[in-house]
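Participant: Just need the structure, nothing else, for what follows:
(2 chains)
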Amino acid sequence: MTAFLIASLVLVAALAFGTTDPLGNPRFGFNLDNIAAMADPAYRVVLLRSLGYAVLTCAICLVVAYPVAYAIALHGGRFKNLLIAAIVVPFFANYLVRMYGWSVVLSDDGPLLKALRSAGLADETTKILQTGGGVIAGLVYGFIVFMIIPLYAALERMDTSLIEAGRDLYGGPLRTFFFVTLPATRQGAAAGCVLVLLPAMGDFVSAQLMGGPDQIMIGNLIQDKFFQGQNWPLGSALTMLMMAVLFVGMIGYLRRARKDEAEAVR
Amino acid sequence: MSRRSLLRTGAAAALGLTAAGCGFTTADPVASKSPDEPIKVRPDGDLVYFNWADFVDPAVFAGFEKEYGVKVIQSNFDSMEGMVAKLNAGNRYDIIFPTAKWAQRLAAGNRLRKIDHTRLRHAESVFGRYDYFADPWYDKDSAHTVPFTMYKTGIGWRKDKIGDDLTGSWDDLWNNRARGKVFVLDDRDEVLGMAALKLGLDIATENENDLARITDTLHSLRPRLRGFSSDSYNNLLNGNAAMTQAWSGDMAAMLGQAKDPSVFGFETAKEGAPVNSDCYAIPVNAPHPGTAMLFIDYMLRPENVKKNIEYIGYPMPVGGSEDTYAAIVEPFPECLVQATDLKDDLYFRNGTSKGEQARDTAWTHVKAG
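Facilitator: The predicted model follows:
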């Protein structure tokens, strides 16, 4: 399995130095044109926008997912598995179809804006789709399950006597949460952040269905290279660039995880 | 969402997993037969069919299976690039449906079998009536292809939102009444081509100065633009778009879904409407080319042409089918593809590698802003 993953990665990396033949087929080679093409400021703007959206998505997922995971893990009782299933099962449906359904709900003549208008909370000019908020809403909806599950696992594993100890030491609920529960589950939170950040950064569906001309993400440009320009080599080069950016985040996570493990052993 | 746009959106992930790994492995294109060897028109096995999803009426498949005692084994592609990647990877299909531009590429790469039209009983209804297709630019003498559908690009709009006094020009997309509610197709050639026509330039220009002018023109559209989307009819139906660049076939399909079709309009621009067509083609490594020939002939029978036109909403260049399509698009007569539209010849053609890259860069600048 690992061999397949590495082989496909090597192929993508090698193709980044390739060319396109007159029939539009990609060919391996040793030229730096695609690397040079990435210096175009348009890519920098879109890459930074994608990173910003992904980080914001991560933060929102963390804030929304934590209470959900907390409630299920510590107060779910015999319904724990059922509640987790209720969260996970909808995610078995095809991501594209779910996002498309979401875009219909949020459309200008869709049920949400109609309800808001009739309640006087929105007017004819209010829109959700084709805004940055719409894209981030799509990303949060698409990937929040990847935050809930590791947080739930961390909270499940946590020694709850620590919370009781915190209270015995006169810590209020908030103080106990911030100084006991949160640090004890930080590995789960970090794992959730990585699991959300990686797909959110490369996503193209949310920006395509929920975004407008100013919300294009790097995933959309890569998709275009493969499907419209038939410029697979440049698409591969952009993929490697995106992976390099994400790799920095991964290294940070791995170092932190190793440090935590070393502390736990001690 | 139109079938094509839904598939296109979902295509990249699938490509990442499958086609990307094998798109550059060159299959032996002459592994089975010479491209020029005449195909015997007879059932020689089940039909391995490769097309956009839902582009043939299921009743037509059922009739073909029953009449010839074969099965139709269907698979679908999500983009032309995806289709060619599968072919390049060595997958074997009996019948495929490339657009004109891709038919030219495949024929030039010796990937297609020759189709002897004299062996098709119903070919005369195509080539006799639509002489454009007797010797189209993409395939000399239609030696490797038979046309399947044809369509144009225009502007669809909501009369209830912005009125019906448009000018019949691509300038209408810059209409201030539709400000913030204009969509253009998420398609490089269509968008660059639209701006080229507005500026009076070659629709498929590769010239750097032309492309710079096109990019500037499209930047001027940006304040009015709500998005790039090929989901034209849903954008109109759900109110996200007051106006959108749209394919005629999608507009025809919308007529069947709209509660009140009278609030919608469709026009083609006086500066020119791009035209395109999909073709039937038989790959060189097709395992059952005889069945594929029978299938093309079966599809060209008048009753099957009628069923398919009613099912997919695209006109077909088959003599005698014109009234069927005209009845479907009666509110949008500009969906009709006339002989004059074909003669205008505003097809997107294949460019040079350098030219394609220049257009690709221009498209990136248009999309990234």
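
Participant: so where do the helices sit in the stretch 151-266 of chain A?
Facilitator: For the stretch 151-266 of chain A, helices defined by DSSP state H, counting those that start in this stretch occupy the ranges A:161-168, A:173-176, A:182-184, A:186-202, A:205-210, A:218-227, A:232-265.

Participant: Please apply the same query to the stretch 151-300 of chain B.
Facilitator: B:159-162, B:188-199, B:208-221, B:232-237, B:248-255, B:289-299.

Participant: Dump those helices into TSV; add mean neighbour count, mean pLDDT and distance to A:Ala122 as well.
Facilitator: The way it works is simple: take the backbone N, C-alpha and C, and place the C-beta from them, glycine included. Shown next, in TSV, are the helices of the stretch 151-300 of chain B (neighbours: other CB atoms under 10 Å in any protein chain shown; pLDDT from 0 to 100; distance: least, CB to CB, whole Å):
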stretch	mean neighbour count	mean pLDDT	distance to A:Ala122
helix B:159-162	16	94	17
helix B:188-199	23	96	31
helix B:208-221	17	97	27
helix B:232-237	24	92	19
helix B:248-255	24	91	27
helix B:289-299	23	97	50
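
Participant: So for chain A, which of the ones you listed sits nearest?
Facilitator: Proximity to chain A (CB to the nearest CB) singles out helix B:188-199 among the helices of the stretch 151-300 of chain B, at 4.4 Å.

Participant: Show me what the closest one is packed against.
Facilitator: On a contact count with 3 or more CB pairs under 8 Å, 6 or more residues apart in numbering or on different chains; DSSP states H and E, helix B:188-199 meets strand B:145-158, strand B:182-184, helix B:208-221, strand B:243-247, helix B:353-368.

Participant: So what touches it?
Facilitator: A:224, A:228-229, B:153, B:169-171, B:173, B:184-185, B:202-205, B:210-211, B:213-214, B:217-218, B:228, B:245, B:269, B:271-272, B:274, B:346, B:348, B:359-360, B:362-363, B:366 (CB atoms under 8 Å, 6 or more residues apart in numbering or on different chains).

Participant: Out of these, which end up buried?
Facilitator: Buried by 16 or more other CB atoms under 10 Å in any protein chain shown: A:224, A:228-229, B:153, B:170, B:173, B:184-185, B:203-205, B:210-211, B:213-214, B:217-218, B:228, B:245, B:269, B:271-272, B:274, B:346, B:348, B:359-360, B:362-363, B:366, out of those.

Participant: right, so the helices of the stretch 151-266 of chain A: which one is the most enclosed?
Facilitator: helix A:205-210 (a mean of 27; mean count of other CB atoms under 10 Å in any protein chain shown).

Participant: how far is that one from where the chain is centred?
Facilitator: Helix A:205-210 sits 14 Å away from the centroid of its parent chain (CA atoms, centre = their mean, to the nearest Å).

Participant: That one vs chain B: in contact?
Facilitator: Yes. Counting by CB under 8 Å from any CB of the partner chain, chain B is contacted by helix A:205-210 at A:Val205, A:Gln208, A:Leu209.

Participant: and which of those residues is nearest A:Leu246?
Facilitator: A:Leu246 has its nearest neighbour among these in A:Val205, at 18.0 Å by CB to CB.

Participant: what's the distance between the closest one and A:Ala191?
Facilitator: Look at A:Val205 and A:Ala191: by CB to CB, to the nearest Å, they are 24 Å apart.

Participant: Also B:Val329?
Facilitator: Look at B:Val329 and A:Ala191: by CB to CB, they are 55 Å apart.

Participant: so where's the chain shaky on pLDDT?
Facilitator: Picking chain A for this. The model of chain A has pLDDT under 70 over residues A:23, A:229, A:264-266.

Participant: right idea, wrong chain: chain B
Facilitator: Residue ranges of chain B with pLDDT under 70: B:1-33.

Participant: ok so, going back, Serialize the helices of the stretch 151-300 of chain B to a markdown table and add fields for distance to A:Arg44.
Facilitator: Shown next, in a markdown table, are the helices of the stretch 151-300 of chain B (distance: least, CB to CB, whole Å):
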| stretch | distance to A:Arg44 |
| --- | --- |
| helix B:159-162 | 37 |
| helix B:188-199 | 21 |
| helix B:208-221 | 18 |
| helix B:232-237 | 30 |
| helix B:248-255 | 35 |
| helix B:289-299 | 49 |
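
Participant: which stretch among those helices comes nearest B:Glu322?
Facilitator: Closest to B:Glu322 of the helices of the stretch 151-300 of chain B is helix B:248-255 (CB to CB; 13.8 Å).

Participant: got the angle between that closest one and strand B:145-158?
Facilitator: Per axes from the mean of the first three to the mean of the last three CA atoms, to 10 degrees, the angle that helix B:248-255 makes with strand B:145-158 is 60 degrees.

Participant: Helix B:248-255 vs chain A: in contact?
Facilitator: No. If you take CB under 8 Å from any CB as the test, helix B:248-255 misses chain A, and the best it gets is 14.7 Å.

Participant: do the same with stretch B:102-109
Facilitator: Yes. Using CB under 8 Å from any CB, stretch B:102-109 reaches chain A at B:Arg105, B:Ala108, B:Gly109.

Participant: What's the local residue count around the first one?
Facilitator: So that's B:Arg105. 21 (other CB atoms under 10 Å in any protein chain shown).

Participant: Can you work out which other helices and strands pack against the helix or strand hosting it?
Facilitator: Element membership of B:Arg105 [criterion: DSSP states H and E] is helix B:100-108. With contacts taken as 3+ CB pairs under 8 Å, 6+ apart, helix B:100-108 sits against helix B:80-88, strand B:275-281.

Participant: from the middle of its chain, how far away would the last one be?
Facilitator: Averaged C-alpha coordinates place strand B:275-281 at 6 Å from its chain's average position (CA atoms, centre = their mean).

Participant: repeat for the first one
Facilitator: Here helix B:80-88 is found 15 Å from its chain centre; the criterion is CA atoms, centre = their mean.

Participant: got the CA coordinates for it in PDB?
Facilitator: Below are the C-alpha coordinates for helix B:80-88, written out as PDB (Å, rounded to 0.1, in the frame of the first residue of the first chain):
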ATOM      1  CA  MET B  80     -12.700  14.700 -22.400                       C
ATOM      2  CA  GLU B  81      -9.400  14.700 -20.700                       C
ATOM      3  CA  GLY B  82     -10.600  11.800 -18.400                       C
ATOM      4  CA  MET B  83     -11.900   9.900 -21.400                       C
ATOM      5  CA  VAL B  84      -8.600  10.200 -23.300                       C
ATOM      6  CA  ALA B  85      -6.600   9.300 -20.100                       C
ATOM      7  CA  LYS B  86      -8.600   6.000 -19.900                       C
ATOM      8  CA  LEU B  87      -7.900   5.300 -23.600                       C
ATOM      9  CA  ASN B  88      -4.200   6.100 -23.200                       C
END
